[in-house]
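Engineer: build the 3D model from these lines:
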Amino acid sequence: MPLLHRKPFVREKPPADLRPDERVFYCRVTNEIFRDYDDFFERTILCNSLVWSCAVTGKPGLTYQEALASERKARQNLQSFPEALIVPVLYLATLTHRSRLHEICDEIFAYVKDRYFVGEVGLGLRLQCKILEARAPSHHNGMANGHINNTDGDTIIISDSDDSETHNSPVQNGKKKDIIDPSLFKYKVKPIKKELYESVIVKASQISRRKHLFSRDRLKLFLKQHCEPHDGVIRTKTTSIAKYNIEEQSFFYLFPDEPPTFVFSPANKQRRRPQKMATISRVSNRINSSEKAKLKKEKANAVEAKKKEDREKKREELKKIVEEERLKKKEERERLKIEKEKEREKLREEKRKYVEYLKQWSKPREDMECDDLKDLPVPTPVKTRLPPEVFGDALMVLEFLHAFGELFDLQDEFPEGMTLEVLEEALAGNDTEGPLCELLFFFLTAIFQAMAEEEEEVAKDQIADALDEDADPTKSALSAVATLAAAWPQLHQGCNLKNLDLDSCTLSEILRLHILASGADVTSANAKYRYQKRGGFDATDDACMELRLSNPGLLKKLSSTSVYDLTPGEKMKILHALCGKLLTLVSTRDFIEDSVDVLRQAKQEFRELKAEQHRKEREAAAARIRKRKEERLKEQEQKMKEKQGKLKEEEGQNGFKEFARQEETICEKGEPLTAEEEEAIKLEQQKKEKELIEKIQKATACTNISPLGRDRMYRRYWIFPSVPGLFIEEDFSGLTEDMLLPRQSSFQNNVPRPVDKPNRWCFYGSRDQLDQLLEALNSRGHRECALKETLLQEKNRIYEQLNNFPVERFLIPGKDSESRGKIQNVHDISQISAEKQLERRLRDFLLDIEDRIFQGTLGTIKVTDRQAWRAALENGRYELLSEENKENGIIRTVNEDAEEMETDDPARFIVKDRFVGLKTEAASTASTNTSSPQPVNNTVHYLASALFQIEQGIERRFLKAPLGDGEETKRDQRGDKKRKREEDQSSQKDDASDGGRSYKTVLDRWRESLLSSASLSQVFLHLSTLDRSVIWSKSILNARCKMCRKKGDAESMVLCDSCDRSYHIYCIRPKLKAVPEGDWFCPECRPKQRSRRLSSRQRPSMESDEDAADEFEEEEVETSYEEGGQSEDEDYEDDDYYSQEEEEIR
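Structural biologist: Numbering: from 1, shown residues only. Now for the predicted structure:
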């Protein structure tokens, strides 16, 4: 309990007659209850007054709560006092004889601090040990200081003398004892926790107590609790002596040494003063009263004279001291003044130098010359399925698609949009129906469509006076080669490049042909159009031609390998070239120019919006000031009305009217708006500002993309609209090692070496990294200053992107192998290469088209066993195909086959066009693989041979253009057969006269190109051309019975070998029991066989009847085809990939 005015405090007891429902005042500090508020208030004031003291430590000047806290803390300290030291300390306290507690504390602390007692826990040998025994030095065992230990022989003599030296001697009678050095004692200790040894004897220097375990303050607090004053001397309390049995203890049992002899401190001298004065009074009574008075007077005079003399001396000395101090102060002031002036001059000089230094230091400079560069945060390297050197180009393609995808209808191929994941799968995957196929579809379709539109514009706006371009031999040669390559599809496939069937199988070959033919559209006819619309575009500006010239090995590889099996770097080069091709087109240039106009207009609107906001803010501030002024004027005018007369009052009214008009104008200008209206206007302005910013960003992405800036290491910083995040491009091309080092440590004398580090991409994925970057960028460097300003302007935009940044997307641990393994587990089709996928698909297509030709009685392959041929093709045993062909003698040269199959119609080969005249062989060799020997895959050769066999098995009358003859040619041939024979004879003579020159048809060139195919894509392209050339409408599968006009029951259907009309064997008259073998002619065609024996006069009429029958047949075929088109699509929706219906749709 705290002490009040150093006296015990007694709490007020609750009133005895307190009622349960009585209202009282409760003092929470002392837990007392008062009925009267004044008593409660006094007790509260008393508790907060500094009149309390701690009952344990005696600390005064505390409040009640502070005293309680002090007591609590003191008791905690007492509880942690070592138990092994309680008895020794109390025993030593009984040996002291002091009147002050701190003297006892100092003596006991000085004795105990270097000695250790039994049972005490300390640190010995770096372990926590318990002291078992204390041992004295060997020459003191049993004997201390030359005599037997005997405390009874010690005698303390107390003297009445005031001499302090007498009291300081510990012993007056007897010998003075020598104190044994505490460091000579040894102690037997035992570890507490680790049972390493039972016990060990250590020296005193090897033991120590824990810090603050035994301190002077804690000892003093302990002695306060166990000691009390008694007759002017501090004694141990009897209760403590009885509690710890101090009288029964022996000091030798506590410590192996003689008990110490402490210094004697007498009691207060005032207690003995009455005795001394009594002695003096007895002596003075013996002196006579006269002598006493005389002595007293003389003594008083002497004392007075001495005091006067002392005062004079002191006055003189004081004057000297004052004068000396005055002089010293004056000199000190002069010295300080001079020193301050020098200090000010020094400070001015330092300030001038510092200003000059700051001026030089603040000048912009090379970033690596700055001496206060901070470490930039380390960015995280990008780890995706793509190689590091391809990642930047992938971002370029992605940005191109993001900017121009809407122009070229990208959503048709990618409804969900193009993302980095899709592009990554296109470059790293090999699925023939995957994103790469769709992406190349998009590029080629957009290029072909845009080029067709440009050709139409050139044809419309063709001007007679074409521009004369400078004839550059290199450009002319490149254009000539491209022209030959562009003519190859027309010569070998019967149509131009844009009209070829583009699908996942023919994609590789059409892409290769497009790259080879790039630059063919650069002619003198469209020179003016190119200069006006395309900025003087010529052949060398074509990105695909640049790819062909810079990477000839890529095109060579593409001629024998599918585009799906190329490396990501090679695929990226192709995509890069296609993007460049699109950028040179007129539609893209117009779109970019429109985006520039939109960007300029959006920036102007944004500036006007900001200016309008600032103007409104200024007007609002001016309106507030004007309103306050008008209120003051209104008050002044009101006072003037009351004081002045009627005349002045009228003048005041006129002034008031003018002021009212001004106020109405102000109100009209801007009435005070409510908080909701102001908030709505503010939200609308923010929305408009956000729309303009998005419009500016979108237009900027369509015009140009530039980095935010560079740092000291020449690294570029990028933000992309299509990919969130802040990316860093480390491009060391053109850099030397000394450029990346501080100028102080750069190599001045050595020749700078280029940086030999691979280029890579990194990223910052959090706001903290961006903040660290902004803090580390140096504002004095040229590059980092501009970069920091740009980052601060785009800070909010970057924050938004970092919030949506998928960090794990750019930290794929296993790169290609692991990611591909995961995809393979999901898609089984990617477990095989694209070459195998195309091979399987080509086998299925070959088997399907052969089956449709056979089932439709359009022809049959010339092999011994058709089923064996199909089984060998289906199982991939291609060597059986070639062996069977050799046995049957089917494979011949192209010329021999052409002569055998086309002997009845030799005029079909005479096609005199301009390309034939310009060395047809050169055109074919320049664009195909026959120009140089290429390693042809056996599989490709076998499958090409199989397609060649299928084509040989088709009857010529079931082929149409481009591989067969057109309808007009057939009519001419039927109408004038004699003339054809004469022309045939004349053409043979012409050929003989021309030196044996032979002209080849599209079919001949198609066969040559087919047999020289080096890739599966080329075989697919020939297959699509053959499929387009077959007259599927004449197939028995699509035929209608001439009698019942119904389709179906193909097994009972018979086809006339002359007019190709179909009949059911049970519908024809007379009926047939079975389908006849060999040639069969319908009843209408049988008379034609007999007409050959008629006379010459009747033959013209027969021929005219034949022509009429042919015309009727053609009309009927066309009608039947139109009626059966829908059913044909339904029957072959899945199998007939190259059907006639899809050809018409395309």
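Engineer: give me phi/psi at Leu62?
Structural biologist: phi -120, psi 160 (degrees, to the nearest 10).
Engineer: for Leu811, same thing?
Structural biologist: Note on Leu811: backbone dihedrals following degrees, to the nearest 10 are phi -130, psi 50.
Engineer: phi, psi for the residue nearest to it when sequence neighbours are not counted please.
Structural biologist: Spatially, and ignoring its direct neighbours in sequence, Leu811 is nearest to Lys383 (5.5 Å; CB to CB, 6 or more residues apart in numbering). For glycine as for every other residue, the C-beta is placed from the backbone atoms N, C-alpha and C. Torsion angles at Lys383 (phi, psi; degrees, to the nearest 10) stand at phi -130, psi 100.
Engineer: could you measure from Lys383 over to Lys557?
Structural biologist: As judged by CB to CB, to the nearest Å, Lys383 and Lys557 stand 28 Å apart.
Engineer: what do you get for Asp865?
Structural biologist: For Asp865, the distance to Lys557 equals 39 Å [CB to CB].
Engineer: Lys571 too?
Structural biologist: Taken as CB to CB, the span from Lys571 to Lys557 is 12 Å.
Engineer: residue closest to the middle of this protein?
Structural biologist: Gly765 (3.3 Å; CA atoms, centre = their mean).
Engineer: wait, it touches Glu808, no?
Structural biologist: No - distance between Gly765 and Glu808: 9.7 Å, which falls outside the contact criterion (CB atoms under 8 Å).
Engineer: in which helix or strand would I find Val56?
Structural biologist: Under the criterion DSSP states H and E, no helix or strand holds Val56.
Engineer: can you show me the helices along the stretch 601-750 of the chain?
Structural biologist: Ranges of helices within the stretch 601-750 of the chain are 646-669, 675-703, based on DSSP state H, counting those that start in this stretch.
Engineer: what's the neighbour count on the closest residue to Val723 other than its chain neighbours?
Structural biologist: Closest residue to Val723 apart from its sequence neighbours, by CB to CB, 6+ apart: Leu420 at 5.5 Å. By other CB atoms under 10 Å, 19 other residues sit near Leu420.
Engineer: what number of residues lie near Lys188?
Structural biologist: Other residues within reach of Lys188, judged by other CB under 10 Å, total 16.
Engineer: contact partners for it?
Structural biologist: Residues near Lys188 by CB atoms under 8 Å, 6 or more residues apart in numbering: Ile131, Leu132, Glu133, Ala134, Arg135, Ser199, Val200, Ile201.
Engineer: make a ChimeraX selection of the buried ones in those residues.
Structural biologist: Buried members of the contacts of Lys188, defined by 16 or more other CB atoms under 10 Å, are picked up in ChimeraX with:
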select :131,134,200
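Engineer: Throw the contacts of Lys188 into TSV and include secondary structure, thanks.
Structural biologist: Shown next, in TSV, are the contacts of Lys188 (DSSP: H, G, I helix; E, B strand; the rest coil):
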residue	secondary structure
Ile131	strand
Leu132	strand
Glu133	strand
Ala134	strand
Arg135	strand
Ser199	coil
Val200	strand
Ile201	strand
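Engineer: looking at the contacts of Lys188, which is nearest Lys13?
Structural biologist: Taking CB to CB as the measure, Ile131 is the one of these closest to Lys13, at 50.7 Å.
Engineer: relative to Ser199, how far out is that closest one?
Structural biologist: From Ile131 to Ser199 the distance is 10 Å (CB to CB).
Engineer: now list whatever residues contact both of the two.
Structural biologist: Among the neighbours of Ile131, those also in contact with Ser199 (CB under 8 Å, 6+ apart) are Lys188, Val189.
Engineer: so the residue nearest to Val723 touches Leu398, yeah?
Structural biologist: Yes - here Leu420 lies in contact with Leu398, judged by CB under 8 Å, at a distance of 6.0 Å.
Engineer: which residue, neighbours along the chain excluded, lies closest to the residue nearest to the centre of the chain?
Structural biologist: Val807 (4.4 Å).
Engineer: and for Pro14?
Structural biologist: Closest to Pro14 by CB to CB, 6+ apart is Ile33, at 4.8 Å.
Engineer: the one you found: neighbour count?
Structural biologist: Residues contacting Ile33 under the criterion other CB under 10 Å number 16.
Engineer: in a strand, it, correct?
Structural biologist: Yes - remark: Ile33 belongs to a strand, assigned using three-state DSSP.
Engineer: what residues are up against it?
Structural biologist: Glu12, Pro14, Pro15, Leu18, Val24, Phe25, Tyr26, Cys27.
Engineer: ChimeraX command to pick out the buried ones of those residues?
Structural biologist: Selecting only the buried entries of these in ChimeraX, with 16+ other CB under 10 Å as the criterion:
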select :25,27
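Engineer: would you list the contacts of Ile33 in TSV and tack on distance to Lys359 and pLDDT?
Structural biologist: Compiled in TSV, those are given as follows (distance: CB to CB, whole Å; pLDDT from 0 to 100):
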residue	distance to Lys359	pLDDT
Glu12	78	85
Pro14	81	87
Pro15	84	85
Leu18	84	85
Val24	77	90
Phe25	73	89
Tyr26	72	89
Cys27	70	89
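Engineer: out of the contacts of Ile33, who's nearest Phe408?
Structural biologist: Once CB to CB is applied, the member of these that ends up nearest Phe408 is Tyr26, at 85.8 Å.
Engineer: where's that closest one, which helix or strand?
Structural biologist: When elements are assigned from DSSP H and E, Tyr26 belongs to strand 25-27.
Engineer: name the residues that touch that strand?
Structural biologist: Contacts with strand 25-27, where a contact means CB under 8 Å, 6+ apart, come from Glu32, Ile33, Phe34, Arg35, Asp36, Tyr37, Asp39, Phe40, Arg43, Thr44, Cys47.
Engineer: report the two of these separated the most.
Structural biologist: Largest separation among the contacts of strand 25-27 by CB to CB: Arg35 and Cys47, giving 18.2 Å.
Engineer: more neighbours: these two, which one.
Structural biologist: Higher neighbour count among Arg35 and Cys47: Cys47, with 20 against 13, using other CB under 10 Å.
Engineer: now the contacts of Lys188 in a markdown table, with distance to Ile1036 and pLDDT?
Structural biologist: Converted to a markdown table, those look like this (distance: CB to CB, whole Å; pLDDT from 0 to 100):
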| residue | distance to Ile1036 | pLDDT |
| --- | --- | --- |
| Ile131 | 119 | 86 |
| Leu132 | 119 | 86 |
| Glu133 | 124 | 87 |
| Ala134 | 125 | 87 |
| Arg135 | 127 | 87 |
| Ser199 | 116 | 82 |
| Val200 | 115 | 84 |
| Ile201 | 121 | 86 |
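Engineer: most widely separated two among the contacts of Lys188?
Structural biologist: With CB to CB as the measure, no two of those lie farther apart than Ala134 and Val200, at 14.0 Å.
Engineer: tell me where the longest helix sits in this structure.
Structural biologist: Scanning the chain for the longest helix, with DSSP state H as the assignment, gives helix 289-361.
Engineer: report the rounded mean pLDDT for that helix.
Structural biologist: Averaged across helix 289-361, pLDDT comes to 87.
Engineer: same check on stretch 105-114?
Structural biologist: pLDDT averaged over stretch 105-114 gives 88.
Engineer: next one: it to chain centre, how far?
Structural biologist: Its chain's C-alpha centre and that of stretch 105-114 lie 68 Å apart, by CA atoms, centre = their mean, to the nearest Å.
Engineer: just curious, which of the contacts of Lys188 is nearest to Gln1018?
Structural biologist: Nearest to Gln1018 among the contacts of Lys188: Val200, at 95.6 Å, using CB to CB.
Engineer: that closest one reaches Tyr187, doesn't it?
Structural biologist: No - using CB under 8 Å, Val200 is not in contact with Tyr187, being 9.5 Å away.
Engineer: did I read that right, Asp756 in a helix?
Structural biologist: No - Asp756 sits outside any helix when classified using three-state DSSP, being coil.
Engineer: pLDDT value on it, please?
Structural biologist: At Asp756, the model reports a pLDDT of 83.
Engineer: that's all I had, so thanks and see you.
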